[in-house]
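A.B. asks: okay, sequence plus prediction incoming.
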Amino acid sequence: MGQAIAFYTLSAFILGFAVLVVSTKDTVHSVLFLVLDFLFVAALYVLLGAPFLAAIQVLVYAGGIVVLYLFVVMLVNLKRSPEAHHDPHRRARLGFVLAALVLIEVGAIAAYSAGGPVRPAAPQAPPTAAATAVSAMRAVGNTEEVGWLLYTNYLIPFEVASMLLLVAMIGAIVLAKREL
Amino acid sequence: MPPGLSTLDFYYIRPEIVLTAGSLVVLIADVLLLRRRSGNALAWVTLAAIGATLLSLVPLANTRVEVANGLIAVDQFALFFKVVFLIAAAITVLMSTKYLEVEGVPPGEYYFLVLCATLGMMIMAGGIDLVTILVGLETMAVSFYILAGFIKPNQRSNEAAVKYFLLGAFSLGILLYGMSLMYGLSGSTNLRVMAAAFVGQESDPRLVLAVILVAAGVGFKIAAVPFHMWAPDVYEGAPTPITAFLSVGSKAASFAMLLRIFLEGMPSMNADWRLLFEALAIVTMTLGNVAALTQSNLKRMLAYSSIAHAGYLLIGVVAGTERGVSAMLIYLFVYAFMQLGAFAVLVLLRRRDVIGDELKDLSGLYVRSPFAAFAMLLFMLSLGGIPPTAGFMGKFWLFSAAIDAQYYGLAVIGVLNSAVSLYYYIRVVVFMYLKKETMGSELVLGPSLAVALGVAVVVTIVLGVYPRLLFELAEASAATLGAVR
């Protein structure tokens, strides 16, 4: 029950922020909403008992890719629309975001206290508890398991992916360098 | 605990390992030979790598195993495609030597990327797991994005790369969405496990959605209408040898992926995807041919013709029988040679002072280079499906497979479309033989380009006259794929 509530709350936020990403006029705001969106997706992974994936999501998407986006936004230097600063609904929107944050907090606490005492190892517990639960279930930790699969079962796709990265790197050099 | 890989696994994926090593050797050789500016030496190294890979395929001729924990299948179906990719890559390299000199393109990275694209295709053809197929697809696609934009000073080349990259990334998103649905509904990424899980779920709307999304994603890659918009622009802008490789290798690999995903992964859904591909085949054939009628740029015309050929090939998918699949394999094989050959003639026309991809650049070719004119005549007849060329055999087999599977309408539309296509193929011949005015500097048929053209000519004639060996090979290969009956 608690997990379902948490899932739908998170999903609602993910969809809501996704809409904001495409509907805001200011590109920088759009990117910032994207960061929030990525963070909520990371929370979804935690809920599914995949803390490693959540960490990767935060590092790669919210970290790396968004920086790339910001670079592009700054480089192309899109002009801000003039009314961006005289937005009458600005405060209302800010209030909405703050209210949403409070709601998440309340939801998380509710989920925690609903699942906590009855089933201490249930996945709706906060990240650390979920990680312990998963590792207890599988004898090894989530990160270890991902690593294990990657270097045994999926070794060949992993190696091909490394070739893919080499191709991308060489491509970047070829296309970006002025004279070879 | 899942087991790791055994030594045997590495034995079975040896061709891929050889090719990867070969591509790295090319990269290193480029650094070592850099001062001497010898693109030809690099071409030799590349050809040696392709040759070694072909040789390492030989011991696997009759195997049919799943290796690497069910991620890759080593069977005759994969083998057939791998041979097509490697031959196409070799001809592309032969076409490239002169072209790279004229365009002033750095050869080392170019050949490296050609080999990497081939590696991706080989992984795609062997993949029976969505993970493998996807990394193979991306390795191929990223290599092509870069290769399409390789002539940096050329605006058209830049445009081609950006368009291809954006639409490719977009289509990948759609494909991945479909694949994630497939994974979610079956709990496995292995196509053969999926096939078992999907039995009895035919009416699940989520699965139908997965079929549509995956078909759309693959449709982009094979340039089927309505997902074809990128093809003419990319084909026109990319370096000509890359256009050739793109229209042959990438298309063949995407068809291999399509057959694997639908015939091996979702055979129980065949009512849905047959209907979908039937519609796609009809629209693709018709629109490709009609649009090709009005083109005055040869590369664009060949792009639309290649779209039309994707439509013909889809007929084999719709039939879905072993015969349909073997007809597709035959067609892809002969298509590779005639398409590469036609582009080789375009490479010949490219000189320092002439871009040579307009229809009028062909005028008087018969006088200036009778061999090239004859070769082009042969390729045009073959693409149009006139006997005694290989193209006729390919089309004949495809359409008869459709009739065999009782898709009479599809066969009739295919034949009508072939008739329409003759108009623009013959127009090329008219320009070469009947128009007299000539322009630009002398045409120089270098040795490597002559070999590329010669091989394409010989294969197109031989397979038109004596196709039996190819037919037997294709049938044996098709039999190793789980065909729908």
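C.D. replies: Sure, I can see it.
A.B. asks: quick one, phi/psi of B:S188?
C.D. replies: Main-chain torsions, B:S188, degrees, to the nearest 10: phi -150, psi 150.
A.B. asks: and the residue in chain B that chain A sits nearest to, how many neighbours?
C.D. replies: Of all residues in chain B, B:I146 sits closest to chain A, at 3.5 Å by CB to the nearest CB. Where C-beta positions appear, they are placed from N, C-alpha and C, glycine not excepted. The tally of other residues near B:I146 (other CB atoms under 10 Å in any protein chain shown) stands at 26.
A.B. asks: for it, which three-state class applies?
C.D. replies: With DSSP: H, G, I helix; E, B strand; the rest coil as the basis, B:I146 sits in helix.
A.B. asks: got a list of what the closest residue in space to it that isn't next to it in sequence touches?
C.D. replies: Nearest non-adjacent residue to B:I146, counting by CB to CB, 6 or more residues apart in numbering or on different chains: A:G171, 3.5 Å away. By CB atoms under 8 Å, 6 or more residues apart in numbering or on different chains, A:G171 lies in contact with B:113, B:142-143, B:145-146.
A.B. asks: now name the helix or strand holding A:G171.
C.D. replies: helix A:155-176 (DSSP states H and E).
A.B. asks: just how off-centre is that helix within its chain?
C.D. replies: Computed by CA atoms, centre = their mean, to the nearest Å, the chain-centroid distance of helix A:155-176 equals 24 Å.
A.B. asks: separation between B:Y111 and B:L332?
C.D. replies: With distances taken as CB to CB, to the nearest Å, B:Y111 is found 24 Å from B:L332.
A.B. asks: between those two, which is the more surrounded one?
C.D. replies: Legend: neighbour count by other CB under 10 Å for B:Y111 and B:L332, higher for B:Y111 (29 against 24).
A.B. asks: quick check: residues of chain B near chain A?
C.D. replies: Taking CB under 8 Å from any CB of the partner chain as the criterion, chain B approaches chain A at residues B:1-5, B:9, B:13, B:20, B:27, B:68-69, B:71-72, B:106, B:109, B:112-113, B:116, B:119-120, B:123, B:129, B:131-132, B:135-136, B:138-139, B:142-143, B:145-146, B:149-150, B:152, B:161.
A.B. asks: shaky segments in the chain?
C.D. replies: Picked chain A for this. Applying pLDDT under 70 to chain A picks out residues A:77-88, A:114-141, A:178-180.
A.B. asks: other chain: chain B
C.D. replies: Applying pLDDT under 70 to chain B flags the ranges B:1-3, B:34-38, B:482-485.
A.B. asks: the same query, at a cut-off of 80, please.
C.D. replies: B:1-6, B:33-39, B:352-354, B:436-442, B:482-485 (pLDDT under 80).
A.B. asks: show me where it has strands.
C.D. replies: Here chain B has its strands, by DSSP state E, at B:65-67, B:72-74.
A.B. asks: which residues does the first one contact?
C.D. replies: Residues from elsewhere that reach strand B:65-67 (CB under 8 Å, 6+ apart): B:8-9, B:12-13, B:72-75, B:128, B:192.
A.B. asks: over to the last one?
C.D. replies: Around strand B:72-74, the neighbours that count as contacts under CB under 8 Å, 6+ apart are A:156, B:12-13, B:60, B:63-67, B:123, B:126-129, B:132.
A.B. asks: apply 7 Å and report the result again.
C.D. replies: When contacts are defined by CB atoms under 7 Å, 6 or more residues apart in numbering or on different chains, strand B:72-74 is touched by residues A:156, B:12-13, B:60, B:63, B:65-67, B:126-128, B:132.
A.B. asks: what is the longest helix of chain A by residue count?
C.D. replies: If you go by DSSP state H, chain A has its longest helix at helix A:90-115.
A.B. asks: burial count for the closest residue in space to B:S247 that isn't next to it in sequence?
C.D. replies: Spatially, and ignoring its direct neighbours in sequence, B:S247 is nearest to B:S306 (4.5 Å; CB to CB, 6+ apart). As a burial measure, B:S306 scores 27 neighbours (other CB under 10 Å).
A.B. asks: on that earlier part again, distance-wise, check the residue nearest to B:I146 relative to B:F165.
C.D. replies: According to CB to CB, A:G171 and B:F165 sit 10 Å apart.
A.B. asks: what's the answer for B:A456, then?
C.D. replies: 30 Å.
A.B. asks: give me the more crowded residue out of these two.
C.D. replies: Between B:A456 and B:F165, counted using other CB under 10 Å, the more crowded position is B:A456 (28 against 19).
A.B. asks: quick one: contacts for that one?
C.D. replies: Per CB under 7 Å, 6+ apart, neighbours of B:A456: B:91, B:337-338, B:340-341, B:344.
A.B. asks: then A:L53?
C.D. replies: Going by CB under 7 Å, 6+ apart, the list of residues near A:L53 reads A:Y45.
A.B. asks: can you put the strands of chain B in TSV and add mean neighbour count?
C.D. replies: Shown next, in TSV, are those (neighbours: other CB atoms under 10 Å in any protein chain shown):
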stretch	mean neighbour count
strand B:65-67	17
strand B:72-74	26
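A.B. asks: and of those, who's closest to A:L34?
C.D. replies: Closest to A:L34 of the strands of chain B, according to CB to CB: strand B:72-74, at 36.1 Å.
A.B. asks: tell me the residues of chain A that contact chain B?
C.D. replies: A:149, A:152-157, A:160-161, A:163-164, A:167-168, A:170-171, A:174-175, A:180 (CB under 7 Å from any CB of the partner chain).
A.B. asks: generate a ChimeraX selection restricted to the buried subset of the residues you listed.
C.D. replies: Selection of the buried residues among these in ChimeraX, burial being defined by 16 or more other CB atoms under 10 Å in any protein chain shown:
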select /A:153,154,155,156,157,160,161,163,164,167,168,170,171,174
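A.B. asks: nearest to chain B: which residue in chain A?
C.D. replies: A:G171 (3.5 Å).
A.B. asks: what about that residue, distance to B:Y99?
C.D. replies: A:G171 is 19 Å from B:Y99, by CB to CB.
A.B. asks: let me see the contact set for B:A89.
C.D. replies: Contacts of B:A89 (CB under 7 Å, 6+ apart): B:50, B:114, B:118, B:245, B:249.
A.B. asks: same check on A:Y154?
C.D. replies: B:V131.
A.B. asks: 8 Å instead, please
C.D. replies: Applying CB under 8 Å, 6+ apart to A:Y154 gives the contacts B:71, B:131.
A.B. asks: hey, C-alpha coordinates of the helix or strand where A:T9 lies in PDB?
C.D. replies: Assigned by DSSP H and E, A:T9 falls within helix A:2-23. What follows is helix A:2-23, C-alpha atoms only, in PDB (Å, rounded to 0.1, in the frame of the first residue of the first chain):
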ATOM      1  CA  GLY A   2       2.700   2.400   1.100                       C
ATOM      2  CA  GLN A   3       4.700   1.400  -1.900                       C
ATOM      3  CA  ALA A   4       1.800   2.000  -4.300                       C
ATOM      4  CA  ILE A   5       1.200   5.500  -2.800                       C
ATOM      5  CA  ALA A   6       4.900   6.300  -3.200                       C
ATOM      6  CA  PHE A   7       5.000   5.000  -6.700                       C
ATOM      7  CA  TYR A   8       2.000   7.000  -7.900                       C
ATOM      8  CA  THR A   9       3.200  10.100  -6.100                       C
ATOM      9  CA  LEU A  10       6.600   9.800  -7.700                       C
ATOM     10  CA  SER A  11       5.100   9.100 -11.100                       C
ATOM     11  CA  ALA A  12       2.800  12.100 -10.800                       C
ATOM     12  CA  PHE A  13       5.800  14.300 -10.100                       C
ATOM     13  CA  ILE A  14       7.900  12.800 -12.900                       C
ATOM     14  CA  LEU A  15       5.100  13.400 -15.400                       C
ATOM     15  CA  GLY A  16       4.400  16.900 -14.000                       C
ATOM     16  CA  PHE A  17       8.000  18.000 -14.300                       C
ATOM     17  CA  ALA A  18       8.200  16.400 -17.700                       C
ATOM     18  CA  VAL A  19       5.300  18.700 -18.800                       C
ATOM     19  CA  LEU A  20       7.100  21.700 -17.200                       C
ATOM     20  CA  VAL A  21      10.300  20.800 -19.100                       C
ATOM     21  CA  VAL A  22       8.600  21.200 -22.400                       C
ATOM     22  CA  SER A  23       6.200  24.000 -21.500                       C
END
